[in-house]
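1. I need the structure of the sequence given here:
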Amino acid sequence: GAQNPLSRGISRSPPHSGPVLDSSEPGMSIRRLLVLLAIAALLGLCALAACTRQKTARKFGYYAGSDACQECHKEHYLGWRATQHPYKLQEASAATVIGDFATNNTYEAGGVTTRMSVKDGAYYVETAFGTENALKSFRVKYVIGALWKQRYVTEFENGALMILPVEWNVKLSSWGDYHGLKTQKPGSGKYWSDPGMSYQFGCMGCHTTGSHYAYDARQDRFTGTGWTEAGVGCEGCHGPGGLHATADAYDKRKHIFHPDRLPDKRRAAMACGYCHTRGKSKDGRHGYPTRGLEKKGDLESVRLFEPGDDLLFTFDAGPGLHPDGSSKQHRQQYNDWLQSRHFTAGVMCWDCHDPHRKDGRHEHAALREKGSALCLRCHTNVASQGIHGIHDVNSCVGCHMPPLAKSANPFDIHAHTLKVVMPRASIEKGGVDKQPNACTLCHYHEQDKLEDLQAVVDRIVSEKKKPKPSKRCPQPGKDPGKGEDWDENCGKGNGP
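-> Okay, here's the model as predicted:
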């Protein structure tokens, strides 16, 4: 019978043209065996080193900073500088502070007057602090944002960076409350000066690139707080780039993360989603994704999430949502996108937004095209008729991306579910206060009755669904010609 090829391969020795170890010469055999073992060990170490180098390059390489990128990627670097990313966190100065610290410089809440001031080029906020709500003056060290609002960061004696309890509203040119005296109480865990509210725990991993700190929980003390770069740098989206910058041309690609080259589009979008989302890290401490904590004695440090990691294993999403599932809080675009048909079709964040604009000019949302021109690049079959013809002065965004969420003011952030929220949703959920819709968010319709608006939409949609008359059908009010009478069933399959 036929011999099993597997057993044949095991039982028969392969041809060997080289020297054979002779058991009759034990000394020679042992020496040769030791030489072979040494060579095998050396090859194993080389293979292990190569494997370690590749792993280090992807996940444990060092941060070089965005300035290291411009030598080879100058156009991309200048385009990135024109976006909002580099300016998320900045040192406080006359060039970066936009709040009024001189004239309109007080804010009252909770029976306490918070006062802002400038002295010798430094900015200060005097406000209530601690369980006794005693007034204390804090120097502003950093500022966060400048588009919708601006918040102010100080440093406590224990090294904790804390966001002060007032924020400047850009649109209203006024001060407002932030986790402070209006709604929170000291010791509640949400009060601005409570230990768990530190910037290191809450925000730093997304506002900076290559951040690090060490925390002694027993003494409640931070040491070594810092970052490679304030703001969202190139490596915030592409991962540590030090090895990429110094590698040979042939090896450069394997030492950097490029989301658009990843076959798994869901995971690729996490390069944006890990900061454009809301929730808690799996370690239970941070408001941004991490790969856990490292402990050395009493000190704990954070292991940063890096682009290419999977959010499912590093983060528990906890977005603030309207009843229909769309976001009502800012920085939740990723949560919205996951619900959209764009996600299903593989339309990515960077298909609409350009994180490093080629023209080097600032555009509010870094869009690749303005207005409806962006949408019509793909949706070429949309015509200004029917439901798309009732708003000849509006854009696609007005209905398909209504401003449902809040950053500084209600309804100043556009939804990214790409779904039209009809008046019917507000009717079913108990009104516009509980569920806003795309129609009443427009000033033209904000006073209209929900039922009337929905009736108009239903009428237009139903008309679109009616079968079109056959070309052979005579039209109402016109001479039917050739003695034909008008048949109301004409065009429905029963006419001439």
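2. now the helices: where do they sit in the stretch 151-300 of the chain?
-> 199-202, 204-207, 234-238, 242-246, 265-273 (DSSP state H, counting those that start in this stretch).
3. How about residue 434: what's its closest non-neighbour residue?
-> residue 323 (6.5 Å; CB to CB, 6 or more residues apart in numbering). The way it works is simple: take the backbone N, C-alpha and C, and place the C-beta from them, glycine included.
4. May I ask which helix or strand encompasses the one you found?
-> Under the criterion DSSP states H and E, no helix or strand holds residue 323.
5. Report pLDDT for the closest residue to residue 112 other than its chain neighbours.
-> Nearest residue to residue 112, sequence neighbours excluded (CB to CB, 6+ apart): residue 128, at 4.6 Å. The model reports residue 128 with a pLDDT of 93.
6. just to revisit the earlier point, arrange the helices of the stretch 151-300 of the chain in CSV, one row each, with mean pLDDT, mean neighbour count and distance to residue 98 as further columns.
-> CSV is the format used below for those (pLDDT from 0 to 100; neighbours: other CB atoms under 10 Å; distance: least, CB to CB, whole Å):
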stretch, mean pLDDT, mean neighbour count, distance to residue 98
helix 199-202, 96, 22, 19
helix 204-207, 97, 24, 17
helix 234-238, 96, 24, 23
helix 242-246, 93, 19, 34
helix 265-273, 94, 21, 26
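7. For residue 95, see how far away residue 216 is.
-> 35 Å (CB to CB, to the nearest Å).
8. okay, these two: which has more neighbours?
-> A direct count of neighbours by other CB atoms under 10 Å for residue 216 and residue 95 places residue 216 higher, at 15 against 8.
9. Does that one touch residue 298 like I think?
-> Yes. Counting by CB atoms under 8 Å, residue 298 is a contact partner of residue 216 at 4.9 Å.
10. Next up, the contacts around the residue most central in space within the chain.
-> Most central in the chain under CA atoms, centre = their mean is residue 276, positioned 2.3 Å from the mean C-alpha point. Counting by CB atoms under 8 Å, 6 or more residues apart in numbering, residue 276 touches 331, 332, 333, 334.
11. re the thing from before, what about the residue nearest to residue 434, how many residues close to it?
-> With other CB under 10 Å as criterion, residue 323 counts 13.
12. and if you look at the one 3 residues further on?
-> The number of residues packed around residue 326, counting by other CB under 10 Å, is 23.
13. Please apply the same query to the one 3 residues further on.
-> Residue 329 is flanked by 15 other residues according to other CB under 10 Å.
14. Quick check: bridge partners of it?
-> On the basis of DSSP bridges, residue 329 is bridged to residue 406.
15. for the stretch 51-200 of the chain, what spans make up the strands?
-> In order along the chain, the stretch 51-200 of the chain carries the following strands (DSSP state E, counting those that start in this stretch): 89-91, 106-109, 112-119, 122-129, 134-139, 142-144, 149-155, 161-169, 174-177.
16. which helices and strands sit right next to the first one?
-> Other helices and strands packing on strand 89-91, by 3 or more CB pairs under 8 Å, 6 or more residues apart in numbering; DSSP states H and E, are strand 142-144, strand 229-230.
17. now swap in the longest one and tell me
-> Using 3+ CB pairs under 8 Å, 6+ apart as the contact criterion, the secondary-structure elements in contact with strand 161-169 are strand 112-119, strand 122-129, strand 149-155, strand 174-177, helix 199-202.
18. same question, the fifth one
-> For strand 134-139, the packing partners by 3+ CB pairs under 8 Å, 6+ apart come out as strand 122-129.
19. neighbours around residue 366, how many?
-> As a burial measure, residue 366 scores 19 neighbours (other CB under 10 Å).
20. same check, this time on the one 3 residues further on
-> Residues near residue 369, counting by other CB under 10 Å, number 13.
21. do the same with residue 110
-> By other CB under 10 Å, neighbour count at residue 110 equals 16.
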